[in-house]
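# Below is the sequence, then the predicted model.
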Amino acid sequence: MMILKILFRNAFHNKLRSGLTILGIAVAILAFGLLRTVISSWYAGVEAASTSRLVTRNAISIIFTLPLSYNEKIRQIEGVKMVSYGNWFGGVYIDEKNFFPNFCVEPRTYLEIYPEFVLSPAEKKAFLADRKGFVAGRKLAAKYGWKIGDPVTLKGTIYPGNWDFVLRGIYKGRDDTTDETQFYFHWDYLNETMKKVSPQRADQVGFYMIAVTRPDLSADVALAVDKTFKNSLAETLTETEKAFNQGFIAMSGAIVTAIQMVSFVVIIIIMAVVANTMAMTTRERIGDYAIMKTMGFGGRGITILIFGESLVISLTGCLTGMILTFPAAAAFGQALANFFPVFIVSTETLYLDFLAAILIGCLAAIIPTRQAIRIGIADGLRRIG
Amino acid sequence: MAEQKQNIVEIRHLYKSYHRGSLAVPVLFDITFDIVAGEFLALMGPSGSGKTTLLNLLAGIDKADEGSIRVGDLDITTFSETELAHWRANHVGFIFQFYNLIPVLKAIENVELPLHLTSLSKRERREHAEMALRMVGLDHRMDHYPQELSGGEQQRVAIARAIVTDPTILVADEPTGDLDRVSAEEILAMMERLNTEMGKTIIMVTHDPRAAQRAKILRHLDKGYLTDDDSQNPL
Ligand SMILES: Nc1ncnc2c1ncn2[C@@H]1O[C@H](COP(=O)(O)OP(=O)(O)OP(=O)(O)O)[C@@H](O)[C@H]1O
Ligand SMILES: [Mg+2]
């Protein structure tokens, strides 16, 4: 009881030193938390991706298309539950810097295969009924202040011209990890326009999305699809959505590794800082510890005092850092919404914060504790005065 | 007159040296003497003569190389570290030159601290501590932190802390060494009262002849030897 009182008061006795140390830990935990969140949002697309959905694209490259006629053939393959298709549109809204993913899809099947995009029945009906209608994610609509019924024009890059749309639905993500920044519209709208302006580009599909009847059939179905189109004009490459997204991310793997390393370096640096603080503190209190030992307190009491003080400081810093992480992540996420559609501090990150704080507190206390215990009482007493 | 009284400390052929690297520095040589119960003994001698070392040995915070120290019925030279710690908690009260109160604890908490190693209840601890503070005349400063007290007052709190467990012996190393004359007199008067009125056995190291006057008996150490005639013929 008294020991706890002493260690808590010790922790805040030297206000400037404790304050600065706590601030340092808080900033380190904040930086660590944000960096971890950057990494996990990087992977959010992969995590959200389903293994029971397959993506089929042109085997040569994603920039080549596949004929629309494949749709029927794929649907007949065993294990296939539903097929949808779409094209990357790559339109620009007003200005190049307004980047957000936009593509056209076969709407009826797309909405079935992607239940995580939650749309109200009324909006779904309105979207399906309007060939020029489009659906936007909640975050995207909020960012540009779009309301249902608003006209929006995208400038085509892959498909030239100005394209007029009307917002018919705003979807919400079913899960925290669902991307709420997408823009999708009717594939027919694109295709019919193509038929008129450049017929050779009509009836071409960028990618097929396949729902399988059972997740464990994914591999077999993928093989069957690619086999079907073997030796045809446009051979296919089919993989799970997860693998598809992972391939996308693998390109940036080196950056992720670098960020990961930096996040741990931050923790190691602060560990050294706290260890130094604890060493100073303990040296100052060697006399106190000697007095307590003369009274009959043993190594256990001293250990509790030093570890306790160190942990109080590191956990106070950790808690401050954790609390700061949320508003910081919100601001960060807003500023970078286009790059990180999902920017949420995960529970896992908070656990890691906590673990790091415990580690910092304990490691910083080990050497001072050893010194304080080892020094003979008589020697400790001689250091006073 | 001492013949009727019982010895509370018996020191026999005590040797102690410090080790600096491979070099042994002998500090105490063949120390043999007794202290009777209820004694107020002042240990004097030049700086470096080994007074603190001897006090530490008989208070069980340092280990002798040779010889025995019997306190009450126990030979403490045979004790392990843990046994010594336990023994000190029950049998020794310490008073130091620099008071050495825990700075983050209030006066009353400082006095209560040693009681945390006893089986007393929270209320009993509080009562004992208050009583000890009353004895040193500081019950009105209970809730003050050490830095809010004068040197003399801090030393009185330290005395309260030393007596609160009702130890067998009180050891004091230069208890007035850091105090002005008036405060020093106060402290010495208080120790004298503890000895005469409460029968506490006190062993005090001091340089100060004025302090030594208060004691009932004097012992002199010089270069590690006890120089009093008496010490050659203990009882
Ligand atoms: N830890 C140690 N290592 C080596 N030598 C020591 C150690 N502690 C004390 N000494 C030496 O032992 C001798 C006796 O020291 P001690 O502190 O007992 O003297 P003292 O009589 O109390 O002196 P003072 O009046 O100055 O307090 C001194 O020469 C001192 O330098
Ligand atoms: Mg000394």
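Structure received. Ligands and ions are numbered 1, 2, ... in the order given.

# Now that A:Leu35 has come up, it's in contact with A:Ser263, right?
Yes - with contacts counted by Cβ atoms under 8 Å, A:Leu35 reaches A:Ser263, the gap being 3.9 Å. No exception for glycine: its C-beta is placed from N, CA and C like everyone else's.

# So which of those two has more stuff around it?
A:Ser263 (22 against 19; other Cβ atoms under 10 Å in any protein chain shown).

# which secondary structure element contains the residue most central in space within chain A?
By Cα atoms, centre = their mean, chain A has its centre lying nearest to A:Ser41, at 1.4 Å. Element membership for A:Ser41, per DSSP states H and E: helix A:15-48.

# Now do the buried residues in that helix.
Neighbour counts over helix A:15-48 (16 or more other Cβ atoms under 10 Å in any protein chain shown) mark A:18, A:21-22, A:24-46, A:48 as buried.

# residues in contact with the residue nearest to the centre of chain A?
A:Ser41 makes contact with A:Gly333, A:Phe340, A:Pro341, A:Val342, A:Phe343, A:Ile344, according to Cβ atoms under 8 Å, 6 or more residues apart in numbering or on different chains.

# Which residue is the nearest non-sequential neighbour of the second one?
If the residues on either side of it in the chain are set aside, A:Phe340 comes closest to A:Ser41, at 4.1 Å by Cβ to Cβ, 6 or more residues apart in numbering or on different chains.

# Next one: that neighbour from chain B, what distance?
45 Å (Cβ to the nearest Cβ, to the nearest Å).

# I would like the residues contacting stretch A:94-103, please.
Contacts for stretch A:94-103 (Cβ under 8 Å, 6+ apart): A:86-93, A:140, A:144, A:154-155, A:179, A:181-185, A:206, A:338.

# next helix or strand past the strand or helix carrying A:Ile286?
Using DSSP H and E, A:Ile286 maps to helix A:253-295. Using DSSP H and E, the helix or strand that follows helix A:253-295 in sequence is helix A:299-335.

# Which elements pack onto that next one?
Here helix A:299-335 touches helix A:2-11, helix A:15-48, helix A:253-295, helix A:347-374, going by 3 or more Cβ pairs under 8 Å, 6 or more residues apart in numbering or on different chains; DSSP states H and E.

# The same query, at a cut-off of 6 Å, please.
helix A:2-11, helix A:15-48, helix A:347-374 (3 or more Cβ pairs under 6 Å, 6 or more residues apart in numbering or on different chains; DSSP states H and E).

# A:Thr21 versus the closest residue in space to A:Val274 that isn't next to it in sequence, what's the distance?
Nearest residue to A:Val274 in three dimensions, chain neighbours excluded: A:Ala364, at 4.2 Å (Cβ to Cβ, 6+ apart). Applying Cβ to Cβ, to the nearest Å, the value for A:Ala364 to A:Thr21 is 10 Å.

# now do A:Lys73
Following Cβ to Cβ, the distance that separates A:Lys73 from A:Thr21 is 67 Å.

# Same check on A:Met278?
9 Å.

# One more: A:Gly317?
7 Å.

# and chain B, which residues reach chain A?
B:56, B:61-62, B:85, B:88-89, B:94, B:98, B:100, B:102, B:104, B:114, B:116-117 (Cβ under 6 Å from any Cβ of the partner chain).

# For A:Gly137, name its beta-bridge partners.
Assessed by DSSP bridges, A:Gly137 has beta-bridge partners A:Tyr171.

# Test my guess that A:Ile344 contacts A:Thr177.
No - shown here, A:Ile344 and A:Thr177 do not form a contact pair, counting by Cβ atoms under 6 Å, at 7.8 Å.

# pLDDT averaged over stretch A:193-204 - what is it?
Regarding stretch A:193-204, the rounded mean pLDDT is 91.

# What is the end-to-end distance of that stretch?
12 Å (Cα to Cα, to the nearest Å).

# Go through that stretch and flag the buried ones.
A:Thr193, A:Met194, A:Arg201, A:Gln204.

# give me the element A:Phe64 is part of.
With DSSP H and E as criterion, A:Phe64 is part of no helix or strand.

# so what's it scoring on pLDDT?
88.

# I'd like the distance between the residue of the stretch 151-300 of chain A found nearest chain B and B:Lys106.
Residue nearest to chain B within the stretch 151-300 of chain A: A:Gly296 (2.8 Å; Cβ to the nearest Cβ). Separation of A:Gly296 from B:Lys106 (Cβ to Cβ) stands at 21 Å.

# do A:Val92 as well
From A:Val92 to B:Lys106 the distance is 71 Å (Cβ to Cβ).

# between those two, which one's more packed in?
Taking neighbours as other Cβ under 10 Å, A:Val92 and B:Lys106 compare with B:Lys106 leading, 19 against 16.

# In chain B, where is pLDDT below threshold?
B:1-5, B:229-235 (pLDDT under 70).

# what phi and what psi does the backbone show at B:Lys16?
Main-chain torsions, B:Lys16, degrees, to the nearest 10: phi -150, psi 130.

# higher neighbour count, A:Ile344 and A:Thr177?
Set A:Ile344 next to A:Thr177 and count neighbours by other Cβ under 10 Å: A:Thr177 wins out with 20 against 17.

# wait, the more buried one sits on A:Val342?
Yes - contact between A:Thr177 and A:Val342 holds when scored by Cβ under 6 Å: they sit 5.3 Å apart.

# Can you pull the residues that touch both of these two?
Counting by Cβ atoms under 6 Å, 6 or more residues apart in numbering or on different chains, the shared contacts of A:Thr177 and A:Val342 are A:Ala44.

# buried residues in the helix of greatest length in chain B?
Ranked by residue count and defined by DSSP state H, the top helix of chain B is helix B:181-198. Buried residues in helix B:181-198, counting neighbours by 16+ other Cβ under 10 Å, are found at B:Ser183, B:Ala184, B:Glu185, B:Glu186, B:Ile187, B:Leu188, B:Met190, B:Met191, B:Leu194, B:Asn195.

# Check stretch A:69-80 too.
A:Tyr70, A:Asn71, A:Ile74, A:Ile77, A:Gly79, A:Val80.

# check contacts around the residue of the stretch 151-300 of chain A found nearest ligand 1.
Per Cβ to the nearest ligand atom, A:Ala290 is where the stretch 151-300 of chain A lies closest to ligand 1, at 12.7 Å. Going by Cβ under 6 Å, 6+ apart, A:Ala290 touches A:Ile377, A:Gly380, A:Leu381.

# Can you tell me which of these has the most neighbours?
A:Leu381 (26 neighbours).

# Quick check: that one vs B:Arg219, distance?
Distance from A:Leu381 to B:Arg219, by Cβ to Cβ: 21 Å.
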